[in-house]
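Trainee: Can you look at this prediction? I've put the sequence above it.
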Amino acid sequence: MEQNVNGHSDLMVVILAAGQGTRMRSKLPKVLHKVAGLSMLGHAMAVADACGSTKLVIVTSPGQNDVRAEAQKRNVDATVVIQHDQFGTAHAVLAARNALEQHSGPVLILYGDTPLVRRETLIEVIGKLKEGDQVVVVGFEAADPTGYGRLLLGPDEKLLEIVEHADASDEQRTVTLCNSGIVALGAGKALSILERIGNDNAKGEFYLTDSVAVARSDGATASVVRAEADDVLGVNSRVQLAEVEEIYQRRQRETVMVSGVTMIAPRTVTLSHDTQIAQDVVIEPNVFFGPGVCVEENVHIRAFSHLEQTHVGAGATIGPYARLRPGTRLGAGTRIGNFVEIKAADIAEGAKVNHLSYVGDATVGANANIGAGTITCNYDGFSKHTTEIGTGAFIGSNSALVAPVKVGDGAYVGSGSVITRNVAAGALAVTRAQQIEKPGWVEKFRTLMKRRKEKAS
Ligand code: UD1
Ligand code: MG
């Protein structure tokens, strides 16, 4: 049989995502709700990929075109199939019949609403298939097993049967080892097993869990891989979505700290699924990382900063209260201070934007100093324009740079200027009115006003 890079035969992963997710109370399909900035479907696809999946099929329900779009955005080779009526989990997997017919390797079935499952668990599942089990199920110890399928084990720890809660006897209901829903079927066996599953049960559904009984009727064995209950939490409501988010965040922060990052108050820091933070970065409380952030070594991110799609060069200092929007690139040693917003801008090494500024659609040269309250006026009501600030330039406080405009290398802009034309390198540009001074004016003014008031009374 063909082996892929991970050393096992071609693996097909089927992600079940046809549920309506009614309890989310959302117009958005459940699997498109996000955990750490990535859809739950995206998480399932990522773990499938990490397990070396060679064929990915997503089962969705009619009309969920946005599920298809998300699947294909994340993996152009993903196949999306539609389960027209929902007759149970085995019926759902059979919606992938065409792909199953062309596939001879093992098949792993994941749920699109169970985003925390670990790669290690699934690798163990695939390993058990290789050892000869025809069905391998991921189980967990449930604090409250109500509603879950119960895993009934033999004395040899092999899996004898899965009984759904609705079909279980009182005695079976005392079993706390439950089915997470994640099931794998041995190479070449999936279709033959699935086709023999019936719907003679309490719900009249085709239960994927009956694959255990079918395989055993062929004389094959089934087994369980145990996962932490947290790893296999399914999301049915926004409350559960928040629980899953919390677990994900806790794990992600731990991974980041273990890799050499200091967090003063980790619970107040929010990461994204793809946040990259290098060694010896210090993160103060209440910092939010949206997707696409990469932070190089020795950066200090001060409290209440918000970053998304941003690259931060080594040794930079950010915040407190900085907002770094998509397309921000900060060079090494830059300083971005409080109440500064940067968008689609390249700030070269050593440049400073320390207070109360907006820099958008701009390039700022190395070691330039952008004074307090500087605004790049990048929008004229119709389109966006760029501002270029040269190396070592100095922009005085409270200046407006009306784009498109360039300030040359080493140029100075006087405070309070509105710059509408390019400034040459090394020049000073000032646009404010000149200061005038009238010596002794105040005394004369007071005397005049006093007299007027006396006359009037
Ligand atoms: C299922 C398992 C149960 C397990 C539990 C874990 C079966 C028969 N039961 O029960 O043993 O403990 O999950 O949460 O498999 N789906 C479809 N099409 C369908 C039916 C379901 O795509 O026709 C999808 C759902 O969107 C969902 C998943 O499959 O993501 C599970 O379906 P659900 O109805 O929640 O199954 P449970 O009754 O919870
Ligand atoms: Mg369920």
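Mentor: Thanks, I have it. Ligands and ions are numbered 1, 2, ... in the order given.
Trainee: and residue 137, how many neighbours?
Mentor: Other residues near residue 137 come to 27 when the count uses other C-beta atoms under 10 Å. (C-beta placed from N, C-alpha, C; glycine too.)
Trainee: Against residue 119, how distant is it?
Mentor: 17 Å (C-beta to C-beta, to the nearest Å).
Trainee: And for residue 304?
Mentor: 34 Å.
Trainee: of the two, who's got more company?
Mentor: The neighbour comparison of residue 304 against residue 119 (other C-beta under 10 Å) goes to residue 304, with 18 against 14.
Trainee: now the more buried one: how far from residue 262?
Mentor: 17 Å.
Trainee: what about the residue of the stretch 251-400 of the chain found nearest ligand 1, which helix or strand?
Mentor: Relative to ligand 1, the nearest point of the stretch 251-400 of the chain is residue 273 (20.2 Å; C-beta to the nearest ligand atom). Here residue 273 is covered by no helix or strand, with elements defined by DSSP states H and E.
Trainee: So for it, what pLDDT did the model give?
Mentor: Here the pLDDT value assigned to residue 273 is 98.
Trainee: swap in residue 8?
Mentor: Looking at residue 8, the pLDDT reads 47.
Trainee: Ligand 1 contacts on the protein?
Mentor: Residues of the chain found near ligand 1 (C-beta under 6 Å from any ligand atom) are 16, 18-19, 59, 83, 86-89, 91-92, 111-113, 148-149, 162, 164, 178-181, 207-209, 234.
Trainee: Out of these, which end up buried?
Mentor: Using 16 or more other C-beta atoms under 10 Å as the burial test, the residues of the chain next to ligand 1 include 16, 18-19, 59, 83, 88-89, 91-92, 111-113, 148-149, 162, 164, 178-181, 207-209, 234 as buried.
Trainee: In strands, which of those residues appear?
Mentor: Among these, DSSP state E puts 16, 59, 111, 162, 178-181 in strands.
Trainee: Taking these together, which two end up most distant?
Mentor: Across those, the longest distance by C-beta to C-beta is 22.4 Å; it joins 59 and 178.
Trainee: on that earlier part again, can you give me the neighbour number for the residue of the stretch 251-400 of the chain closest to ligand 1?
Mentor: 17.
Trainee: Looks like it contacts residue 40 (just checking).
Mentor: No: contact criterion C-beta atoms under 8 Å: residue 273 and residue 40 do not qualify, at 10.9 Å.
Trainee: What segments of this structure are helices?
Mentor: 40-50, 65-74, 89-94, 97-101, 119-131, 170-173, 190-195, 211-217, 238-258, 441-456 (DSSP state H).
Trainee: These: which one's closest to residue 391?
Mentor: Nearest to residue 391, of all these, is helix 238-258, at 34.2 Å by C-beta to C-beta.
Trainee: residues making contact with that closest one?
Mentor: Helix 238-258 is contacted from outside by 24-25, 33, 35-36, 115-116, 230, 233-235, 263, 266-267, 269-271, 273, 275, 277, using C-beta atoms under 8 Å, 6 or more residues apart in numbering.
Trainee: got the angle for it vs helix 40-50?
Mentor: 40 degrees (axes from the mean of the first three to the mean of the last three C-alpha atoms, to 10 degrees).
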